[in-house]
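**Q** Task: produce atomic coordinates for the following.
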Amino acid sequence: MHGIEKPCKIPLPNATRWNSWFKMVFYAKDHIDYWPSFYYQEHENDKNNESVSAINKILQDEQKRRTITIYINFIAHFAQEFVQDLDFFQQQNKPVFPFVEGRLEQLTSYLEGNRRAQDFGPELHSLIIRLKFNPDAFYAIFRSAFNLAYKKFEAHIPLHPARPLFCACRVFDPLYIKMGIQIGDISRNDIR
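**A** Sure, this is the predicted structure:
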């Protein structure tokens with residue numbers, strides 16, 4: 001009825017599925033334009049529902065709705081890397097163990113780079129401008145989000161007891177072996 005190509009219920013987060021929260025945000029990004037009228041109608045149908053009333057009040061405030069739109073777009077864009085990594089780490093029946101260290105190094109670079117980023121892409125920049133906000137104010141918040149993610153990552157991953165094992169298992173990665181043969185002395189046959 002509202003021009004949604006494939007209507008479905010919003011995907012709710014599930015504690016046993018790491019990516020379910022991100023999938024809910026991706027859905028929200030694509031459908032947030034429909035929320036104000038939906039919650040307005042729900043509020044009109046049941047004025048005693050405090051949750052619906054509170055959401056409706058926020059969504060009817062144009063500045064708050066635009067702010068939420070920017071945050072949802074930021075999360076949806078930059079969460080793609082996390083979703084790909086989480087999908088990778090959750091694979092079953094595939095030999096991913098030799099590739100774990102490489103993925104962790106890639107994730108480290110991603111977090112480090114974005115916590116110092118001066119801009120967050122033309123798409124997000126133009127959205128912020130179009131919604132009549134100052135990009136620099138949001139960029140400080142985005143960098144802060146990456147700083148928090150990096151601190152949490154640094155507190156758990158580098159000192160994890162399995163990290164040396166992940167490093168050692170890279171020798172079973174065909175790309176790593178090829179690079180090692182080109183760089184090292186193959187006559188020594190030293191697996192280290």
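
**Q** Distance of A140 relative to N147?
**A** For A140, the distance to N147 equals 10 Å [Cβ to Cβ, to the nearest Å]. From N, CA and C alone the C-beta is placed, and that goes for glycine too.

**Q** ok, the two, which is more surrounded?
**A** N147 (14 against 9; other Cβ atoms under 10 Å).

**Q** Just confirm that one contacts R115, I think it does.
**A** Yes: assessed by Cβ atoms under 8 Å, N147 is found in contact with R115 at 4.8 Å.

**Q** which secondary structure elements does the top helix by length along the chain contact?
**A** Longest helix in the chain by number of residues, with DSSP state H as the criterion: helix 62-89. Contacts defined by 3 or more Cβ pairs under 8 Å, 6 or more residues apart in numbering; DSSP states H and E place helix 62-89 against helix 20-31, helix 50-60, helix 100-115, helix 122-130, helix 135-156.

**Q** Now render those as TSV, adding mean pLDDT.
**A** Shown next, in TSV, are those (pLDDT from 0 to 100):
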stretch	mean pLDDT
helix 20-31	85
helix 50-60	94
helix 100-115	86
helix 122-130	96
helix 135-156	92
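
**Q** Tabulate these in TSV, adding columns for distance to T69.
**A** As requested, the helices and strands packed on helix 62-89 are exported to TSV (distance: least, Cβ to Cβ, whole Å):
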stretch	distance to T69
helix 20-31	8
helix 50-60	10
helix 100-115	20
helix 122-130	7
helix 135-156	11
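
**Q** Nearest to Q80, out of those?
**A** helix 20-31 (8.5 Å; Cβ to Cβ).

**Q** Give me the helices and strands touching that closest one, please.
**A** helix 62-89.

**Q** List the buried residues of the helix it packs on.
**A** Residues of helix 62-89 classed as buried: 65-66, 68-79, 82-83, 85 (neighbour count, 16 or more other Cβ atoms under 10 Å).

**Q** for stretch 145-163, same thing?
**A** So stretch 145-163, judged by 16+ other Cβ under 10 Å, has buried residues F146, A149, Y150, F153.

**Q** and the gap between the residue most central in space within the chain and F26?
**A** For the chain, the residue nearest the mean C-alpha position is A79 (1.5 Å; Cα atoms, centre = their mean). Per Cβ to Cβ, A79 is found 8 Å from F26.

**Q** just A76 next, same as before
**A** 5 Å.

**Q** and R103, what does it touch?
**A** R103 makes contact with D85, F88, F89, according to Cβ atoms under 8 Å, 6 or more residues apart in numbering.
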